[in-house]
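Q: quick one, fold the following:
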Amino acid sequence: MLIEFSVGNYLSFKSKTTLSLEASSIKEHVDTNLFSMGRYDLLRGAVIYGPNASGKSNLVKAMSTMRRMVLQSFEQSSADELDIIPFLLNTETEHSPSFFEAVFLIDGIRYRYGFEVDDRIIHSEWLFEAQKLAEKPLFLREREGIEVMKGFPEGKELEERTRDNALFLAVADQFNGKIAKKIMKWFNNFIAISGLKHEGYKGVTFDMLDNRQTRSTLLNFYKKLDLGFEDISIIKKPFDPKELPGEMPEAMVKQLVTDLEGAFRMDIKTIHQKYDSNDRLVGEVEFDMRSQESSGTNKLFNISGPVFDVLNDGGLLVVDELDASLHPLLTLAITKLFNSKELNPNNAQLIFATHDTNLLHYGNYRRDQIYFVEKDKYGASEMYSLVEYKEEGKTIRKDRSFEKDYIEGRYGAIPFIGNLSKPGVGWQGS
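A: Numbering: from 1, shown residues only. All right, here's what the predicted structure looks like:
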C-alpha cells in the first residue's frame, strides 16, 4: 500500500513535491474512501487537477519512471543512459540529480525507499524499514560507496557487483534477497498507464477475458455501463506473413517473420442484438471492436484489464488523462470501483490526473484526496491538496461546492486565458 510518493528536480518539478495517501483527521467518507492497516489510515486514491502543461502528466511520469528504474535497472548495460531529465529552467538544477522516493507498506512493515539519479549514474540510494514506530536504515549509498546494515544481510558482498548506473536494490533482488524481492514485487503491482495511448494495455484485458473467472467480472462491468453490446467474442489467429503490407522492405519482412513466429493476432468482436421491423429479436450481429465501436468504448475495453487486475491484486494504479474519450459517467464508474469496500476488498489504490470537474461534485472525494498542480512564474510545478489549501487563513469547509469553487478559480490550478474578443484583457476559466 502506498503511503506517499515524492519527486524533485524532475521535468517541471524543481523542488521536492509529495503526494500523500495517508488520511488526515477529517471525517469525510470514512467508511468508503479509506482503510486501516495497523496504525495507518490510508486513502484509496487521489485525483489530480490542473491546467494543461501544469505538471499533472509529469507527476504520473515521475511515478512511472521510478517504477521503470526499479524493475529494469539490472537489465541495462554500464553504457546505457537512464532517460532522466531534470528541471532545466534553473542553473542550479539543470546539472543536478533528480530525486525519487516512495513510502509504502508490505506485510504491515513500513519501507522508505528512494534514490537520486541523473542520466548517467546513481548518486545516492537508501532503504529504511520501520516495523514499529522507529525507522532504521537497511542500506545507504553515496557516491563514495554503499553501507549495508546488519538488518539487510542479503546486501553483503554485493557492493562491488553494483554498476554506477544500476540500483543496489535491483542487484540484491537478482541474488534472491528476501527483502529486495518483496519490494520488487510491490513495484511490479504498481501500474502506471496513459489514458491517451491505451492500445498497449488491451493484452491484459484479453488475458482476463480468456480466463473463466475474470471474464464474468469484466462482462458484468460492461453490461452495467450499458455500452450497447450483449457479449464479447475473442478470436485468436496465428500470425500470417501474407497479411503484411506488400510494399514493406524484404529485410523487414524476414525480421518480422522470425520475430512473430508462433505469435497470435487477437480479434475482438462485440455481439449486438438484431431486431425486425416490429422490434422483435431475430438474431445477433458481430461488430469489430476497433473499427465499429466508439473510441470511448475502445478505451474502456483497453484499460478495464489493468483496472480489474489491480483491484484483484490490491495494487496501485496510476493513470494520466483518465477521462479522455470517456463520458463523465464512465469515468465516475471507474473511480467508484476503488472508493468502495465491497468492490475493492483488497484495498487497491487509484491515482489519476483529469480535467473532469464533475468528480469534484459527484465523485465523493475527501478533501485530502483532491490535489491541484500549477506552475509558478519561474516555470516550476507546485502541488497541494484541498485539505492543505487556506482561504483567508482558514481551511476549506467540507460543505463547499468544490466544483463551482474550482471553476471560478478559488483554488488556483486553472488556465489563465486572455479575452479573445478584447486583446489585452484577461479572464480565468477552465
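Q: got the domain ranges for the protein?
A: 2-189+314-407, 199-301 (automatic domain parsing).
Q: residue contacts, Glu125?
A: Taking Cβ atoms under 8 Å, 6 or more residues apart in numbering, we find Glu125 in contact with Gly114, Phe115, Glu116, Phe139, Leu140, Arg141, Ile146, Leu167, Phe168, Leu169. (C-beta placed from N, C-alpha, C; glycine too.)
Q: only the buried subset of those residues, as a ChimeraX command please.
A: Provided next is the ChimeraX selection string for whichever of the contacts of Glu125 are buried by 16 or more other Cβ atoms under 10 Å:
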select :114,115,116,139,140,141,146,167,168,169
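Q: sorry, back to before: would you single out the least confident of the domains of the chain?
A: Mean pLDDT across these is lowest at domain 199-301; the value there is a mean of 81.
Q: so where do the helices sit in this structure?
A: Listed in chain order, the helices of the chain (DSSP state H) span 30-33, 56-72, 168-174, 178-188, 202-209, 212-224, 250-259, 289-292, 295-313, 328-338, 358-362, 402-407.
Q: so which of those is the most packed in?
A: helix 168-174 (a mean of 24; mean count of other Cβ atoms under 10 Å).
Q: elements contacting that helix?
A: With contacts taken as 3 or more Cβ pairs under 8 Å, 6 or more residues apart in numbering; DSSP states H and E, helix 168-174 sits against helix 56-72, strand 122-130, helix 178-188.
Q: ok so, going back, nearest to Leu350, of the contacts of Glu125?
A: Of all the contacts of Glu125, Leu350 sits closest to Gly114, with 22.7 Å by Cβ to Cβ.
Q: could the contacts of Glu125 go into TSV alongside distance to Val387?
A: Formatted as TSV, the contacts of Glu125 follow (distance: Cβ to Cβ, whole Å):
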residue	distance to Val387
Gly114	25
Phe115	29
Glu116	29
Phe139	34
Leu140	33
Arg141	35
Ile146	39
Leu167	34
Phe168	36
Leu169	32
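Q: so which of the contacts of Glu125 belong to strands?
A: In strands, judged by DSSP state E, the following of the contacts of Glu125 are found: Gly114, Phe115, Glu116, Phe139, Leu140, Arg141, Ile146.
Q: how about the contacts made by the last one?
A: So the one you mean is Ile146. So Ile146 contacts Glu125, Phe139, Leu140, Gly155, Glu159, Thr162, Phe168 (Cβ under 8 Å, 6+ apart).
Q: give me the beta-bridge partners of the closest residue to the fourth one other than its chain neighbours?
A: To tie it back to what came earlier, the one meant is Gly155. For Gly155, ignoring the flanking residues on the chain, the nearest one in space by Cβ to Cβ, 6 or more residues apart in numbering is Val148 at 4.1 Å. Val148 has these beta-bridge partners by DSSP bridges: Phe139.
Q: wait, Pro51 sits on Gly409?
A: No: Pro51 is beyond contact range of Gly409, at 10.7 Å (criterion: Cβ atoms under 8 Å).
Q: flag every buried residue along stretch 88-106.
A: Using 16+ other Cβ under 10 Å as the burial criterion, the residues of stretch 88-106 that qualify are Thr93, Ser96, Pro97, Ser98, Phe99, Phe100, Glu101, Ala102, Val103, Phe104, Leu105.
Q: tell me which two in those are the farthest apart.
A: Thr93 and Leu105 (31.6 Å).
Q: would you list the phi and psi of the residue lying farthest from the centre of the chain?
A: Within the chain, the residue lying farthest from the chain centre (Cα atoms, centre = their mean) is Asn278, at 48.2 Å. Backbone torsions of Asn278, given as degrees, to the nearest 10, read phi -100, psi 20.
Q: OK, contacts around it?
A: Here Asn278 is in contact with no residue (Cβ under 8 Å, 6+ apart).
Q: now the helices and strands packed on helix 168-174 as TSV including distance to Leu225?
A: Listed next are these as TSV, based on distance: least, Cβ to Cβ, whole Å:
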stretch	distance to Leu225
helix 56-72	24
strand 122-130	42
helix 178-188	29
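Q: looking at these, spot the one closest to Ser381.
A: helix 56-72 (6.5 Å).
Q: what angle do that closest one and helix 178-188 make?
A: Interaxial angle of helix 56-72 relative to helix 178-188 (axes from the mean of the first three to the mean of the last three Cα atoms, to 10 degrees): 140 degrees.
Q: now for Lys182: which residues touch it?
A: Applying Cβ under 8 Å, 6+ apart, the residues near Lys182 are Ile106, Asp107.
Q: kindly recompute the last result at 10 Å.
A: With contact set as Cβ atoms under 10 Å, 6 or more residues apart in numbering, Lys182 has these partners: Ile106, Asp107, Ile109, Tyr111, Asp173.
Q: show me which of the residues you listed is closest to Leu332.
A: Scanning those for proximity to Leu332, where the rule is Cβ to Cβ, the winner is Ile106, at 31.3 Å.
Q: what sits against that closest one?
A: Contacts of Ile106 by Cβ under 10 Å, 6+ apart are Met1, Glu129, Ile179, Lys182, Ile183, Lys185, Trp186.
Q: about what we covered before: so which of the contacts of Lys182 are in strands?
A: Those of these lying in strands (DSSP E): Ile106, Ile109, Tyr111.
Q: right, I'll leave it there.
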